[in-house]
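S.K.: structure, please.
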Amino acid sequence: MTDTAQFLITLFWCAVFILLPGGAFSVVIHFLLSLPMRRRDRALFFLDLVETVLQRGQPLEPAILAAAENHDRAIGVRFYMVAAHIEGGASLGEALEKVPSFLPPQVNAMLRAGEKLGDLKKVLPACREVLRIAPDTVRSTMHYMVAILLIFAPVAVFMIFLIMTFVVPKFKEVAAGMGVQLWPLTQFVFAFTPQIILFEITLFFALLTMAAIFIGGPGLVRWFQFRSVPIVDWIAWRVPWKQKKLQRTFSAMLAVLLDGGVPEAEAVRLAGESTANEICRRRAQRVIAALEKGVKLDDAVRMFDDSGEFHWRLTNATHAHGGFLNALRGWHEALDAKAFQQEEVATHVFTSGLVILNGLVVALIATAMFGILIAVLKGALLQ
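M.R.: Numbering: from 1, shown residues only. From the prediction side, this is the model:
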C-alpha cells in the first residue's frame, strides 16, 4: 500500500472518529441553545396570525384550522394540538388551557383574559411586551454558561476525580516511603480530597439545573409548582429582574383593560391572572379588597407594589391623555431596561465566579502536586 493510500485511509478514520462526533455534538448544542428563541418565534407567529385575522374581521378558530392544514413543521407540534382541540369544539381559551406549554404562561393567560373581555385585539400589545427579546449580551452570556456546562464542566469533574482518586494516592505512598515532610497546603488537599470532588460534582449539578431551566423554559419549571405551596412563583417574585417583568406584565395588562372600559376590580383581577404568578394573584386580591372598601385605584395599587412607584406612575397616568397604556409605556420600558441590566449583571457575576472557583480548585490541586514533587526531589537529594 502506498503512502498516499495510507494517508487517505488515516484521514478517513480521523473524519469518522473525530469530525463526525464533533459535528453531531455541535448540532446538539445549537439545537439546545436555540430552543428558547424558537419558542418565542412560535409565540410571535401565533400573535401575528391572531392579529392578522382580527384585522380582517374574520373568525379566529377557522383561521387557526386553516393554518394547521399547511402542515408547517416550523410552527411546532403544540400548535397542531391547539388546532385539534379547536376542531373538537373547544374555544381558543379552552384550547390554550388544555395545551399550556404552547405559549409562555403570561401570554397564555393574557389571551384567555382577552377572550373573556371579548376583544383579543386589545391584549395583543401587552402580549408582545412580554415576548420582548433580551439584549444580545444577556443571551450570549447564557449561551456561554451552557457551553461551559456541556463541554468543560464534565471534563473538569472527570479529570479532578481521576487525579484525586488514582494519582494523588500514589504520590502519597511515595512520600510516605521516603519519609519526606509535605507542605501544609499539600496535606490540606490530601485531607479534603473527597470534599473537593464533592464540590466539583455539586457545582456541575448546579450548572446543569440552571441550564435545564434556561433550555426547558417555563414548561419545565412548572413541573415543580404546587398550587398550595407556590415555591416557583415565590422564587420568581424574589428574583429582582423577574419581579420587574411581572410588574410590567401586570401594569401593561391593567392599562389595556382600563383603556377597554373594564371595571377597575375586574381589570385588576384579570391583570393578576395574566401574570401567571400566584404571588401576583394574591397581591391583586389585596388591591381588589382595598377597592371594595372605597379606596381609589391609584392608592389601592400600593398593595401590589411595595416600592410605591406604581402608585406614583398610575396617579400621573390618570391625568394624562391618550390612555393608560400610552401614559405608562415609558415606565414599562424603564422596567424592561432595569430587568435586562440586572439579569446581565447576574449572569456575568455567575459565570465569572464559576471560572474563578474552578481556577482556584485547579490551582489548589496543582500547587499540592508540585509541593509533593518538590518534597520528593528534596528527599531524594538528601539521601
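
S.K.: low-confidence ranges, this protein, go.
M.R.: 1-34, 74, 133-153, 214-229, 320, 379-383 (pLDDT under 70).

S.K.: tell me the domain boundaries of it?
M.R.: If you go by automatic domain parsing, the domain ranges for the chain are 3-103, 136-224+345-382.

S.K.: can you pull the contacts of residue 302?
M.R.: 308, 310, 311 (C-beta atoms under 8 Å, 6 or more residues apart in numbering). Heads up, the C-betas are built off the backbone N, CA and C, glycines and all.

S.K.: and those, which is closest to residue 58?
M.R.: When the contacts of residue 302 are compared for distance to residue 58 (C-beta to C-beta), residue 310 wins out at 37.6 Å.

S.K.: what's the distance between residue 130 and residue 43?
M.R.: Note on residue 130: its distance to residue 43, by C-beta to C-beta, to the nearest Å, is 9 Å.

S.K.: what residues are shared contacts of those two?
M.R.: Residues touching both residue 130 and residue 43 (C-beta under 8 Å, 6+ apart): 104, 107.

S.K.: of those two, which one has the most company?
M.R.: Set residue 130 next to residue 43 and count neighbours by other C-beta atoms under 10 Å: residue 130 wins out with 23 against 20.

S.K.: wait, the more buried one touches residue 105, no?
M.R.: No: Residue 130 is not in contact with residue 105 according to C-beta atoms under 8 Å; the separation is 9.5 Å.

S.K.: helices of the stretch 51-200 of the chain, start to end?
M.R.: Ranges of helices within the stretch 51-200 of the chain are 60-68, 77-87, 92-98, 105-117, 124-130, 136-147, 153-162, 168-178, 184-191, 193-221, based on DSSP state H, counting those that start in this stretch.

S.K.: need those in JSON lines with distance to residue 246, can you?
M.R.: Conversion of the helices of the stretch 51-200 of the chain to JSON lines gives the following (distance: least, C-beta to C-beta, whole Å):
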{"stretch": "helix 60-68", "distance to residue 246": "28"}
{"stretch": "helix 77-87", "distance to residue 246": "24"}
{"stretch": "helix 92-98", "distance to residue 246": "20"}
{"stretch": "helix 105-117", "distance to residue 246": "8"}
{"stretch": "helix 124-130", "distance to residue 246": "10"}
{"stretch": "helix 136-147", "distance to residue 246": "18"}
{"stretch": "helix 153-162", "distance to residue 246": "31"}
{"stretch": "helix 168-178", "distance to residue 246": "49"}
{"stretch": "helix 184-191", "distance to residue 246": "46"}
{"stretch": "helix 193-221", "distance to residue 246": "13"}
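
S.K.: among these, which is nearest residue 374?
M.R.: Closest to residue 374 of the helices of the stretch 51-200 of the chain, according to C-beta to C-beta: helix 184-191, at 9.3 Å.

S.K.: which helices and strands sit right next to that closest one?
M.R.: helix 168-178, helix 324-382 (3 or more C-beta pairs under 8 Å, 6 or more residues apart in numbering; DSSP states H and E).

S.K.: buried set for the first one?
M.R.: This points to helix 168-178. 168, 171, 172, 175 (16 or more other C-beta atoms under 10 Å).

S.K.: among those, which pair sits farthest apart?
M.R.: With distances taken as C-beta to C-beta, the most widely separated pair in those is 168 and 175, at 10.4 Å.

S.K.: now find how far off-centre stretch 171-183 is within its chain.
M.R.: Its chain's C-alpha centre and that of stretch 171-183 lie 49 Å apart, by C-alpha atoms, centre = their mean, to the nearest Å.

S.K.: for that stretch, list the C-alpha coordinates in CSV.
M.R.: Output of stretch 171-183 as CSV, limited to C-alpha atoms (Å, rounded to 0.1, in the frame of the first residue of the first chain):
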residue,chain,number,x,y,z
PHE,A,171,2.2,10.3,45.4
LYS,A,172,1.2,9.8,49.0
GLU,A,173,2.7,6.3,49.0
VAL,A,174,6.0,7.6,47.5
ALA,A,175,6.2,10.4,50.0
ALA,A,176,5.4,8.1,52.9
GLY,A,177,8.0,5.6,51.8
MET,A,178,10.7,8.3,51.6
GLY,A,179,9.6,9.8,54.9
VAL,A,180,9.6,13.4,53.5
GLN,A,181,7.8,16.3,55.1
LEU,A,182,4.9,17.6,52.9
TRP,A,183,3.8,21.2,52.6
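
S.K.: centre of the chain versus stretch 186-195, how much separation?
M.R.: On C-alpha atoms, centre = their mean, the centre of stretch 186-195 falls 36 Å from that of its chain.

S.K.: and for stretch 268-278?
M.R.: Chain-centre distance of stretch 268-278: 21 Å, with C-alpha atoms, centre = their mean.

S.K.: so for residue 326, which of the domains of the chain sits nearest?
M.R.: domain 3-103 (18.7 Å).

S.K.: which residues touch residue 339?
M.R.: Contacts of residue 339 (C-beta under 8 Å, 6+ apart): 240, 241, 242, 244, 245, 248.

S.K.: quick one, which of these are buried?
M.R.: 241, 242, 244, 245, 248.

S.K.: out of those, who's nearest residue 84?
M.R.: Nearest to residue 84 among these is residue 245, at 31.6 Å by C-beta to C-beta.

S.K.: so that closest one touches residue 335, yeah?
M.R.: Yes: here residue 245 reaches residue 335: they are 7.2 Å apart, a contact under C-beta under 8 Å.
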